[in-house]
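Chemist: what follows is a predicted structure for the sequence shown.
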2 protein chains.
Amino acid sequence: MYAKVDEEVLDELREVVGDDGVVAGEDQLEPYSHDETPQLVFRPEVAVRPRDSSEVSRIVTLANSRRIPLTPRGGGTGLSGGALPVFGGILLSFERMNRIKEIDTMNLMAVVEPGVITADLESEVANCGLFYPPDPVSSDSCTLGGNVAECAGGPRAVKYGVTRDYVQGLEVVFPDGNIAKLGGKLLKDVTGYSLLDIIVGSEGTLAVVTQAVLRLLPLPGHKVDLLIPFDNVQTAIETLSGVMRTGIIPSTMELMEGKSLKVCEAYLKREIPFSDAAIHILVQLDGNRREDVTREYEIVGELVLDKGALDVMVAEDKSTQERVWEPRKNLGDALKESGNLFVRDDLVVPPSQIPTLIDEVRRIEDKYKVDIHCFGHVGDGNIHVDIEGDSPPGEKTELIHDLYEVTLKLGGSITAEHGIGFVKKSWLAMGLAQPEIDLMKRIKASFDPNNILNPGKIFE
Amino acid sequence: MYAKVDEEVLDELREVVGDDGVVAGEDQLEPYSHDETPQLVFRPEVAVRPRDSSEVSRIVTLANSRRIPLTPRGGGTGLSGGALPVFGGILLSFERMNRIKEIDTMNLMAVVEPGVITADLESEVANCGLFYPPDPVSSDSCTLGGNVAECAGGPRAVKYGVTRDYVQGLEVVFPDGNIAKLGGKLLKDVTGYSLLDIIVGSEGTLAVVTQAVLRLLPLPGHKVDLLIPFDNVQTAIETLSGVMRTGIIPSTMELMEGKSLKVCEAYLKREIPFSDAAIHILVQLDGNRREDVTREYEIVGELVLDKGALDVMVAEDKSTQERVWEPRKNLGDALKESGNLFVRDDLVVPPSQIPTLIDEVRRIEDKYKVDIHCFGHVGDGNIHVDIEGDSPPGEKTELIHDLYEVTLKLGGSITAEHGIGFVKKSWLAMGLAQPEIDLMKRIKASFDPNNILNPGKIFE
């Protein structure tokens, strides 16, 4: 079906990106063969590291004319196998396209290459008094190109939205090699269909992003984190919806269960305060002035204590804040290390349905005798569900089916921010109606008639 | 090419929507034959007024099977002819689908039918302490369905974004009659390509929207309007970019030139304070607490006076605020009444380029000896350009060409919020590269292979 990467192709690639831009050989290709998805390995035939969009265009043109699969890869932090070359072929790595090209303080925009690490942009713009809000938990190692491809979210989505809300312009290479500039430093633009908005979140299957124009905000001068333990999950979550009704929108509302805290204690080798609580909620408030943030945390603090919170720990300085966030930031790695993790899922429901979803997850946990950790972005209805256990494969499929059935029944969706990628494509037909899937396939063919761009993803 | 609406079709339509749902006859169809675009009239063969999505589906199926053009219409306030049935056929009016079906105060979402007037939603949710930010200036008469179709913006986009940023879910009818639910009461969702996001702003050419789930915010408890006259346009605009750098984001920053104020004085039959100034800037600040808003307007006031503002008029109560906004809200009608308006354009550039754009517009005004009014959303780079005059048609085309050339050279786009519709389709190839247009046409064919949905729009 697809052509192979032969010596002639390798020579052509070397001509485009230089000898040091071509990575071949089993050992050298190992780092490009997996991401953060459990149990998935696919080796590319070659990895190439272009330096600019014209090189990307030449590589795409070559792959398209020879029918070689081409898989773009950012930081390799994905949890749905989206950046893995499931049909081999050429892996397109953006590690040499990692420049922040401009921080435009007049228009509050940044122009970046796809290989920029998300946290690097955040800290660079902060030096200019500006703020790039999207903050996937992997922000220290994921890239902005990957964020655009997956429409990455993160804890701050509850107040600030997701990656899509900040992408104002893209430079992309279409599968035929054409380079296009979509949008720009523009806050409004309705010229034709929004190709930009369908490319965001298309998991690298429609076009290769070679540059992005990202909207920035003024940096909130102050932030405070509140760690709030509860001895009852339902009470905790109902209390949080009361917070939103005060008119205060926290920048994050994260959830961690007691049993996940225990896993983190073992991993971090330190005690976590109130780790015997049923649940921890991490509420972050931000604003321009210290007194405003203080006033808000006092209101939130009183409200949650009134409703039965065990305590409210206030973290105002950076080192305490980092300590308070440490368990949440490390939970993914802690669970990975702790044993036989076989699913890292990513469900989303209307926020008011979170208590019901968690009840149902407990029921499923009992039914299949597995260990399920629910954690994440309770403020925006997005719960990560990491499952440990060793039930037979057939039962795993039934378990996931049950999980998705419950999620969809509650008005939810089967992926909030991780993407369908490789691991959920067999479930797509459960999450969407067939006419929608058929339409998406026609759209895919409109962009990429030869199906060379990240094949084997999203669709079966 | 297209079939006509004959007696058999009329009977079938009556069966779907009832006798009182079918509008025929020249006089009765007159209101459906124009929108707010100057000099455009296209009469439908019939107008139908469905009551729910299943009726819409049956109408769409009928139109598709018989190859009859179908044009959806909201409030008829468009400025690009987007809702006009340029090939006749069936006009689909949503005047009987105008219910606010739910205001969900737990999830901060509203569920609406497409015929709801935008300002009606705004006031209904305000009664629940909630806020729907998108505010096209026609909000008293435009509909949410039209807003979704055009991805409507408005003055508050500078702080709150555009319609796309609030559409979380859509129920749509595809051209084959299938009804689909896209998204939902979800703040994150990356299940497959975002059909929702390509339908927003597609000007009714890809699918018929029959219901929308719109995100709401807590209602800011206080707002204040500052009317700031300057005797120099450049100084005014440079001063405004200084406002953004204080970390304060105004909810609106509107611009009106002195000569437009004179037109408004004649239309409103009253004096407008400081109407001899070169320019008026209208800055709105909002927030949860009076003292915060007061503090912010004092900072802004000092800053602009320091940079040469002639005065700062503060409007804190509702009736003064309405009076301050009255010229801006009525400028469109005032210009329409005042004479031979022949273009209402809608340009957008990076905000920092607004002074250069206005300089260039003045040059074009001189060159073609016409009268150009620039006004609108200076905060987000979106300037409306209304042109009065009676130069011959050839010169008008040259003039528009010059205008777009300048806009594009400044990194802008040829339409910010009005859409391409009918009036700009001959300019699309100037605003976009051919591969993008070709791709958009393939996407159109993916949705609507028979080209029955709002044909004659966007593309030639």
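Modeler: Sure thing, it's come through.
Chemist: and stretch A:274-281, how far out from the chain's middle?
Modeler: 25 Å (CA atoms, centre = their mean, to the nearest Å).
Chemist: ends of that stretch, how far apart?
Modeler: Using CA to CA, to the nearest Å, the end-to-end distance of stretch A:274-281 comes to 11 Å.
Chemist: residues of that stretch that come out buried?
Modeler: Buried residues in stretch A:274-281, counted by 16 or more other CB atoms under 10 Å in any protein chain shown: A:274-275, A:277-281. C-beta: built from backbone N, CA, C; applies to glycine.
Chemist: burial check on the residue of the stretch 1-150 of chain A found nearest chain B, number of neighbours?
Modeler: Proximity of the stretch 1-150 of chain A to chain B (CB to the nearest CB) peaks at A:M106, 4.0 Å away. Residues near A:M106, counting by other CB atoms under 10 Å in any protein chain shown, number 14.
Chemist: which SSE is it in?
Modeler: Under the criterion DSSP states H and E, no helix or strand holds A:M106.
Chemist: show the backbone phi and psi for it.
Modeler: phi -80, psi -50 (degrees, to the nearest 10).
Chemist: those residues of the stretch 351-460 of chain A touching chain B, which are they?
Modeler: A:351-352, A:377, A:380-382, A:411-420, A:428, A:431-433, A:435-437, A:439-440, A:442-447, A:458 (CB under 8 Å from any CB of the partner chain).
Chemist: what subset of those residues is buried?
Modeler: Using 16+ other CB under 10 Å, the buried ones in these are A:351-352, A:377, A:380-382, A:411-420, A:428, A:431-432, A:436-437, A:439-440, A:443-444, A:446-447, A:458.
Chemist: among the residues you listed, which are in helices?
Modeler: Among these, the members falling in helices (DSSP state H) are A:428, A:431, A:436-437, A:439-440, A:443-444, A:446-447.
Chemist: out of these, which comes closest to chain B?
Modeler: Distance to chain B across those (CB to the nearest CB) is lowest for A:S446, with 3.7 Å.
Chemist: thinking again about what came up before, so the residue of the stretch 1-150 of chain A closest to chain B touches B:P351, yeah?
Modeler: Yes. Using CB atoms under 8 Å, A:M106 makes contact with B:P351 at a distance of 7.3 Å.
Chemist: hey, what's in contact with both of those two?
Modeler: B:S241 (CB atoms under 8 Å, 6 or more residues apart in numbering or on different chains).
Chemist: ignoring the adjacent residues along the chain, who's closest to A:E365?
Modeler: With CB to CB, 6 or more residues apart in numbering or on different chains as the criterion, A:E365 has its nearest non-adjacent residue at 4.5 Å, and that residue is A:I372.
Chemist: where does the one you found sit: helix, strand or coil?
Modeler: Per DSSP: H, G, I helix; E, B strand; the rest coil, the local secondary structure of A:I372 is strand.
Chemist: can you name the residues bridging to it?
Modeler: Per DSSP bridges, the residues bridged to A:I372 are A:I387.
Chemist: ramachandran coordinates for the residue nearest the centre of chain A?
Modeler: The residue lying closest to the centre of chain A (CA atoms, centre = their mean) is A:A152, at 3.8 Å. Phi and psi for A:A152, reported as degrees, to the nearest 10, are phi -60, psi 150.
Chemist: A:P133 is in contact with that one, correct?
Modeler: No. In this structure, A:A152 is not within contact of A:P133 by CB under 8 Å, at 11.2 Å.
Chemist: mind listing the strands for the stretch 251-400 of chain A?
Modeler: In the stretch 251-400 of chain A, the strands defined using DSSP state E, counting those that start in this stretch lie at A:252-257, A:279-287, A:313-315, A:341-348, A:371-377, A:382-388.
Chemist: ok, back up a step: residues contacting the residue of the stretch 1-150 of chain A closest to chain B?
Modeler: Contacts of A:M106 by CB under 8 Å, 6+ apart are B:241, B:350-352.
Chemist: got a markdown table for those residues, with distance to chain A and pLDDT too?
Modeler: What follows is these, written out as a markdown table (distance: CB to the nearest CB, whole Å; pLDDT from 0 to 100):
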| residue | distance to chain A | pLDDT |
| --- | --- | --- |
| B:S241 | 6 | 77 |
| B:P350 | 4 | 96 |
| B:P351 | 5 | 92 |
| B:S352 | 4 | 90 |
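Chemist: in the residues you listed, find the pair that's most separated.
Modeler: Maximum pairwise distance among the contacts of A:M106 (CB to CB): 10.8 Å, between B:S241 and B:P350.
Chemist: burial count for A:S141?
Modeler: By other CB under 10 Å, neighbour count at A:S141 equals 15.
Chemist: quick check: pLDDT value at it.
Modeler: The per-residue pLDDT reported for A:S141 equals 96.
Chemist: how close does it get to A:R99?
Modeler: Counting by CB to CB, to the nearest Å, the gap between A:S141 and A:R99 amounts to 18 Å.
Chemist: tell me who's in contact with A:D276.
Modeler: Per CB under 8 Å, 6+ apart, neighbours of A:D276: A:G258.
Chemist: any idea which helix or strand in chain A has the lowest mean pLDDT?
Modeler: Every helix and strand in chain A was compared by mean pLDDT, DSSP states H and E; the lowest is helix A:233-244, with a mean of 85.
Chemist: the longest helix seen in chain A: which residues count as buried?
Modeler: As assigned by DSSP H, the longest helix anywhere in chain A is helix A:318-338. Counting neighbours by 16+ other CB under 10 Å, one finds that the buried residues in helix A:318-338 are A:321, A:323-325, A:327-332, A:334-335, A:338.
Chemist: how about these in TSV, adding distance to chain B and pLDDT?
Modeler: Shown next, in TSV, are these (distance: CB to the nearest CB, whole Å; pLDDT from 0 to 100):
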residue	distance to chain B	pLDDT
A:Q321	21	96
A:R323	27	94
A:V324	24	94
A:W325	20	94
A:P327	22	94
A:R328	17	92
A:K329	19	91
A:N330	22	92
A:L331	19	92
A:G332	17	89
A:A334	24	93
A:L335	21	91
A:S338	27	76
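Chemist: tell me the one among the residues you listed nearest to A:E405.
Modeler: Looking across these and measuring by CB to CB, the closest to A:E405 is A:L335, at 24.0 Å.
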